[in-house]
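Trainee: below are the sequence and a predicted model; questions follow.
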Amino acid sequence: MGGTPLVEWRTGLDAGDLSASMLTRLCLDRMDCLEPQLNALTHRDREFSLAAAQAADQRLRRGETGGMLGIPFVVKDNINLKGMPLTNGSRIMRGHTSTYNATVVQRLLNAGAVPLAKANMDEFAMGSSGEYSAHGPTRNPWDLSRVPGGSSSGPIVAVSAGYSPLALGTDTGGSVRLPASFCGVTAMRPTYGALSRYGITAMASSLDQVGPVATSAKELALGLSVMVGQDPHDCTSLELPAAARLEDLRPASLKGLRIGLPQEYFGEGLQSGVRDVLMTALSRLASEGAELVEVSLPHTRFAIDTYYLLNTSEVSSNLSRFDGVRFGAREPGESLHGMIARTRDKGFGPEVKRRVLLGAFCLSKGYYEDFYLRALKVRTLITRDFQAAFQHVDMLATPVSPSIAFPLGEKTSDPLSMYLADIFTVTMALAALPALAIPAGLSQGMPVGLQLVGPSLSDVHLLEVSAAFQELTDHHLRIPPFD
Ligand code: GLN
């Protein structure tokens with residue numbers, strides 16, 4: 001199949017046909033042109049990016065090649081990029097500038113990649129649509145009347161609309177996979193620990209992971225190759241097996257590959273158009289020798305409850321640091337308590353408040369055992385479901401979302417229906433497993449993603465299988481019609 005931007009740009013840069021400055025200007029001009037419609041970014045600084053591009057060009061002129069040298073990237077606005085504002089999509093962060101780089105950002109910068117912009121997101125990464133941002137909603141490039149998905153709305157749209165060949169989002173319960181499915185790009189939630197969380201605003205620490213986004217699995221792997229590896233600043237980080245295969249990812253053989261289809265993910269509630277797209281994609285895999293096997297993950301029915309109990313509990317604890325003392329905006333108050341209450345009341349949007357309250361309730365005396373502790377136990381059962389399935393199959397294939405991207409405003413007044421959009425993505429987060437969303441086709445003119453899920457630390461193989469699918473198909477090369 002044809003080329004994808006990052007791979008083509010890599011070749012062009014190494015051959016001396018392209019320069020990092022030229023590519024950076026191209027990306028920035030595209031942003032200027034499309035941002036008024038898409039609202040995918042929160043901050044950019046032309047001089048800042050062009051200075052980094054010039055430094056990359058010097059390295060290229062000295063004969064350095066490969067990796068991420070000279071390749072532009074965008075980061076979600078809950079990831080620290082030194083010298084740029086960090087807003088977390090929230091009013092409460094007003095005036096805060098990052099004083100250091102997140103480890104993943106530092107590693108990209110060390111490799112010579114060029115930072116382009118900070119990207120829009122649901123406030124503090126809470127949301128599934130990209131509508132809960134203090135900067136206003138982001139729009140889906142495939143249909144401006146629809147949501148792009150969230151919470152990593154900006155990073156996903158940045159890749160989908162061609163602002164940047166690589167973007168970093170975060171995935172706590174599906175936040176790169178869901179929007180990737182809605183906007184037709186490739187995004188990954190790696191095994192918990194495969195990417196350092198140092199420098200990422202903590203939402204729910206036992207679930208948070210950085211999620212890279214690109215046009216294809218091959219490009220995603222190239223980006224990952226410079227970011228993986230243990231980090232002394234994050235004690236949950238680990239070495240990823242087979243990381244040496246990331247830089248020049250080769251498609252895996254599909255012959256004899258056992259792919260499990262969990263029956264709970266293909267039942268009622270799945271849009272028929274989505275099902276059709278997925279079935280066609282799966283039969284393509286089968287025609288290359290993959291074996292499709294039905295499996296069951298019986299505790300899936302508790303997934304949303306479990307995720308939202310644990311998520312809100314961790315949120316209420318993690319967000320207590322935003323109190324007007326240390327970060328961002330401060331509202332005046334007559335007492336310390338009054339100042340904190342006013343700052344949080346004015347600074348946080350409704351979804352953040354809802355979660356802080358729910359989480360404080362779950363953790364409170366008398367309810368802790370019934371809610372938080374019980375949810376932890378169910379999390380173990382969900383994890384065991386996956387372990388049992390992986391006794392019989394090499395990986396699982398599921399939908400990413402029950403539907404195509406929904407219209408803007410459809411779910412904002414109904415938090416529960418918004419939470420239900422995560423039905424197929426939260427289980428992998430609870431079980432700390434790697435999962436990839438890859439474009440599988442269109443339904444009603446809108447992209448549909450296929451999710452591949454592997455056992456813990458099988459990230460590289462998962463990418464190789466995705467690359468094999470992308471070698472056989474061209475769904476990932478489709479660009480939004482408004483282009
Ligand atoms: N939509 C989910 C939530 O709101 C996932 C968020 C995320 O992954 N950051 O919790």
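Mentor: Looks like it arrived, so ask away.

Trainee: tell me the spacing between Gly229 and Arg107.
Mentor: Going from Gly229 to Arg107 by Cβ to Cβ, to the nearest Å gives 8 Å. Just so you know, the C-beta spots here come from the backbone N, C-alpha and C atoms, and that holds for glycine as well.

Trainee: in terms of neighbours, single out the busier of these two.
Mentor: Using other Cβ atoms under 10 Å as the criterion, Gly229 and Arg107 rank with Arg107 on top: 20 against 16.

Trainee: identify the residue nearest that one in space, chain neighbours excluded?
Mentor: The shortest distance from Arg107 to any non-neighbouring residue, by Cβ to Cβ, 6 or more residues apart in numbering, is to Met227 (5.0 Å).

Trainee: how about the one you found, what does it touch?
Mentor: Neighbour list for Met227: 104, 107-108, 195, 210, 212 [criterion: Cβ atoms under 8 Å, 6 or more residues apart in numbering].

Trainee: so which of these is the closest to Pro434?
Mentor: Of all those, Leu195 has the smallest distance to Pro434: 10.8 Å, by Cβ to Cβ.

Trainee: any idea which element that closest one lies in?
Mentor: Per DSSP states H and E: Leu195 is located in neither a helix nor a strand.

Trainee: helix or strand: which one has the residue of the chain found nearest the ligand?
Mentor: At 2.9 Å from the ligand, Ser175 is the closest residue in the chain, using Cβ to the nearest ligand atom. Ser175 is part of no helix or strand, with elements assigned from DSSP H and E.

Trainee: OK, contacts around it?
Mentor: Applying Cβ under 8 Å, 6+ apart, the residues contacting Ser175 are 122, 125, 128, 150-152, 169, 211.

Trainee: near the ligand, which residues of the stretch 1-150 of the chain?
Mentor: Contact residues, the stretch 1-150 of the chain versus the ligand (Cβ under 6 Å from any ligand atom): 125-128.

Trainee: make JSON lines out of these and add secondary structure and neighbour count.
Mentor: Supplementary listing: those in JSON lines, determined by DSSP: H, G, I helix; E, B strand; the rest coil; neighbours: other Cβ atoms under 10 Å:
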{"residue": "Ala125", "secondary structure": "helix", "neighbour count": "29"}
{"residue": "Met126", "secondary structure": "coil", "neighbour count": "29"}
{"residue": "Gly127", "secondary structure": "coil", "neighbour count": "31"}
{"residue": "Ser128", "secondary structure": "coil", "neighbour count": "28"}
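
Trainee: could you work out the most separated pair of those residues?
Mentor: Going by Cβ to Cβ, the pair spanning these furthest: Ala125 and Ser128, at 10.6 Å.

Trainee: overlap of the contact sets of these two?
Mentor: Common neighbours of Ala125 and Ser128 (Cβ under 8 Å, 6+ apart) are 151, 175.

Trainee: center of this protein - which residue?
Mentor: When Cα atoms, centre = their mean is applied to the chain, the residue found nearest the centroid is Val176 (2.3 Å).

Trainee: check contacts around it.
Mentor: Going by Cβ under 8 Å, 6+ apart, Val176 touches 152, 155-156, 169-170, 187-189, 211-213, 437.

Trainee: and the pLDDT at the residue lying closest to it once chain neighbours are set aside?
Mentor: What sits nearest to Val176 in space, not counting adjacent residues and going by Cβ to Cβ, 6+ apart, is Gly211, at 3.3 Å. Looking at Gly211, its pLDDT is 98.

Trainee: need the phi and psi values for Gly211.
Mentor: When quoted as degrees, to the nearest 10, the phi and psi of Gly211 stand at phi -130, psi 110.

Trainee: and what of the one 5 residues further on?
Mentor: When quoted as degrees, to the nearest 10, the phi and psi of Ser216 stand at phi -140, psi 170.

Trainee: not counting sequence-adjacent ones, nearest residue to it?
Mentor: Nearest residue to Ser216 in three dimensions, chain neighbours excluded: Thr4, at 4.6 Å (Cβ to Cβ, 6+ apart).

Trainee: what's the local residue count around the one you found?
Mentor: By other Cβ under 10 Å, the burial measure for Thr4, its neighbour count, is 19.

Trainee: that one contacts Leu220, doesn't it?
Mentor: No: here Thr4 does not reach Leu220: they are 10.0 Å apart, not a contact under Cβ atoms under 8 Å.

Trainee: got any residues that touch both of these two?
Mentor: By Cβ under 8 Å, 6+ apart, the residues touching both Thr4 and Leu220 are Ala214.

Trainee: ok so, going back, neighbour-wise, which one of the contacts of Ser175 leads?
Mentor: Neighbour-wise, the contacts of Ser175 (other Cβ under 10 Å) top out at Ser152, 37 neighbours.

Trainee: phi, psi of Ser160?
Mentor: phi -60, psi -40.

Trainee: ok, longest helix in the chain?
Mentor: Identified as the longest helix of the chain according to DSSP state H is helix 20-38.

Trainee: perfect, that will be all.
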